[in-house]
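Colleague: sequence plus the predicted model coming up.
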Amino acid sequence: MEDEECPDLVPIGGAGETEPGPGRRIPVTIITGYLGAGKTTLLNYILTEQHNKRIAVILNEFGEGSALEKSLAISQGGELYEEWLELRNGCLCCSVKDNGVKAIENLMQRRGKFDYILLETTGLADPGILCVVDAKHGLQHLTEEKPEGLVNEASRQVALADLIIINKTDLVSEEELNKVRTSVRSINGLVKILETQRSRVDLSNVLDLHAFDSLSGISLQKKLEHVKTTHAHLDKAITTVTFEVPGNIKEENLNLFIQNLLWEKNVKDKTGRTMDVIRLKGLVSIQGKSHQVIVQGVHELYDLEETKVAWKEDEKRTNRLVLIGRNLDKETIKEVFIATVREKQRNS
Ligand SMILES: Nc1nc2c(ncn2[C@@H]2O[C@H](COP(=O)(O)OP(=O)(O)OP(=O)(O)O)[C@@H](O)[C@H]2O)c(=O)[nH]1
Ligand SMILES: [Zn+2]
């Protein structure tokens with residue numbers, strides 16, 4: 001990678017930011033947070049709120065799940081400006097200098113200038129400016145012990161953030177919320193903390209991060225440089241598997257499959273280890289439903305939601321699932337899925 005070919009990202013609140021005209025610099029906000037914390041919910045909220053700002057969003061692709069991620073983003077997003085940015089190894093600081101900047105440039109060439117740019121990184125990426133923390137599972141992620149040599153990504157994200165959004169406050173008691181808040185505070189004593197449901201945050205807080213930047217006294221560029229030197233890649237034990245099974249499935253069978261996986265935890269890999277699913281996403285075809293259904297799971301919580309996208313008449317109905325977690329093996333999980341669906345169909 002040639003350094004001179006890579007334009008630098010503009011530090012938030014950098015000189016010239018308030019200058020009018022085409023030379024005005026555009027703030028870039030990077031959104032981090034552990035798997036399923038609510039980053040996409042936040043982006044969708046920001047993009048659908050009335051704010052009279054032109055905002056570009058750059059989403060990352062995670063592992064094999066890119067096709068599905070993309071379709072999910074489109075079906076939820078309404079009118080988004082989108083550019084797809086593949087983060088190599090899901091690591092922002094490795095990728096942002098080459099294809100990251102390129103993605104932003106491509107976007108501006110096609111769409112003109114934006115007022116703000118938001119960048120979503122994978123749940124396991126390194127650096128952070130705005131970090132979404134899951135009120136229900138955040139404490140578990142922050143305190144998880146890592147094997148020798150591996151960094152706890154969740155606490156690294158919190159440590160680097162200028163703004164923390166503790167999301168899903170509806171799922172916890174005031175006491176649990178206090179614990180998460182205290183834990184975040186102990187990792188990052190300077191960071192501004194906001195608490196939300198469905199990531200519904202006052203936009204001025206999110207789009208105007210340089211206010212906090214001055215607090216921490218360190219620019220985005222410096223942060224990226226800093227993080228690059230103390231580098232650790234994705235937690236190797238966590239992997240992504242994707243599979244597709246054509247046809248219609250019954251809702252009760254799908255529930256059974258998911259509950260075995262997330263609640264009963266009785267699905268094992270070939271060596272007998274329990275498959276531990278942190279994140280589950282899917283686009284499925286439920287018998288008797290004309291519209292595509294989205295499956296969303298975060299640890300033991302999941303829900304099914306009918307989308308506005310109808311299956312077309314000549315379209316092949318199919319089920320696509322993405323699982324992120326430990327001890328996942330694709331063949332086995334696919335077999336279990338098919339078996340669960342078939343088994344119950346014979347019985348009922
Ligand atoms: N109960 C509750 N659920 C929420 C809240 N915010 C988001 N969710 C749900 O949490 C799930 C994950 O949300 P996403 O926005 O996709 O999370 P993400 O951080 O983008 O996930 P990854 O990109 O996979 O890391 C979805 O099912 C959301 O509907 C909240 O405040 N309360
Ligand atoms: Zn997301």
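Modeller: Nice, I can see it. Only a predicted model underlies this, so the values are computations on that prediction, with no experimental measurement involved. Ligands and ions are numbered 1, 2, ... in the order given.

Colleague: please count neighbours and contacts with C-alpha atoms only from this point.
Modeller: Noted.

Colleague: mean confidence score for stretch 311-324?
Modeller: For stretch 311-324, the mean pLDDT works out to 88.

Colleague: what is the end-to-end distance of that stretch?
Modeller: End-to-end distance for stretch 311-324: 26 Å, by C-alpha to C-alpha, to the nearest Å.

Colleague: low-confidence ranges, this protein, go.
Modeller: 1-28, 54, 56-129, 148-151, 190, 208-239, 343-348 (pLDDT under 70).

Colleague: how are the helices of it distributed by residue range?
Modeller: 39-48, 66-77, 92-95, 101-111, 138-143, 153-160, 174-187, 203-207, 210-216, 220-229, 251-259, 330-347 (DSSP state H).

Colleague: excluding sequence neighbours, find me the nearest residue to whichever residue of the stretch 201-348 of the chain sits closest to ligand 1.
Modeller: Per C-alpha to the nearest ligand atom, Q296 is where the stretch 201-348 of the chain lies closest to ligand 1, at 4.6 Å. Leaving aside its sequence neighbours, Q296 sits nearest to K281 (C-alpha to C-alpha, 6 or more residues apart in numbering; 4.8 Å).

Colleague: who in the stretch 1-150 of the chain is up against ligand 1?
Modeller: 34-41, 122-123 (C-alpha under 6 Å from any ligand atom).

Colleague: ugh, wrong one, I meant the stretch 151-300 of the chain
Modeller: So the stretch 151-300 of the chain meets ligand 1 at 167-171, 197-199, 296 (C-alpha under 6 Å from any ligand atom).

Colleague: just among these, which is most surrounded?
Modeller: Highest neighbour count within those: N167, with 27 neighbours (other C-alpha atoms under 10 Å).

Colleague: residues contacting that residue?
Modeller: N167 sits next to 37-38, 132-135, 195-199 when contact means C-alpha atoms under 8 Å, 6 or more residues apart in numbering.

Colleague: so which of those residues sit within strands?
Modeller: Mapping these onto strands (DSSP state E) picks out 132-134, 195.

Colleague: scan the residues you listed and report the most crowded one.
Modeller: Of the ones in strands among the contacts of N167, with other C-alpha under 10 Å as the count, V132 tops at 34 neighbours.

Colleague: per the record, what domains does the chain have?
Modeller: Annotated domains of the chain cover 28-205, 215-343 [the TED database].

Colleague: coming back round to it: my read: the residue of the stretch 201-348 of the chain closest to ligand 1 touches L283, true?
Modeller: No - under the criterion of C-alpha atoms under 8 Å, Q296 makes no contact with L283, lying 9.1 Å away.

Colleague: was I right about T274 contacting N327?
Modeller: Yes - using C-alpha under 8 Å, T274 is in contact with N327, at 6.8 Å.

Colleague: more neighbours: which of these two?
Modeller: N327 (20 against 16).

Colleague: what sits against the spatially closest residue to L171 that is not a sequence neighbour?
Modeller: Spatial nearest neighbour of L171, chain neighbours left out: K136 (6.2 Å); criterion: C-alpha to C-alpha, 6+ apart. Applying C-alpha under 8 Å, 6+ apart to K136 gives the contacts 168-169, 171-172, 176.

Colleague: what's near enough to touch T340?
Modeller: 253-254, 256-257.

Colleague: wait, Q292 touches E306, no?
Modeller: Yes - counting by C-alpha under 8 Å, Q292 sits close enough to E306 to count as a contact (6.0 Å).

Colleague: between the two, which has more neighbouring residues?
Modeller: Relative neighbour count places Q292 above the other of Q292 and E306, with 21 against 17, counting by other C-alpha under 10 Å.

Colleague: residues contacting the more buried one?
Modeller: 283-286, 306-311.
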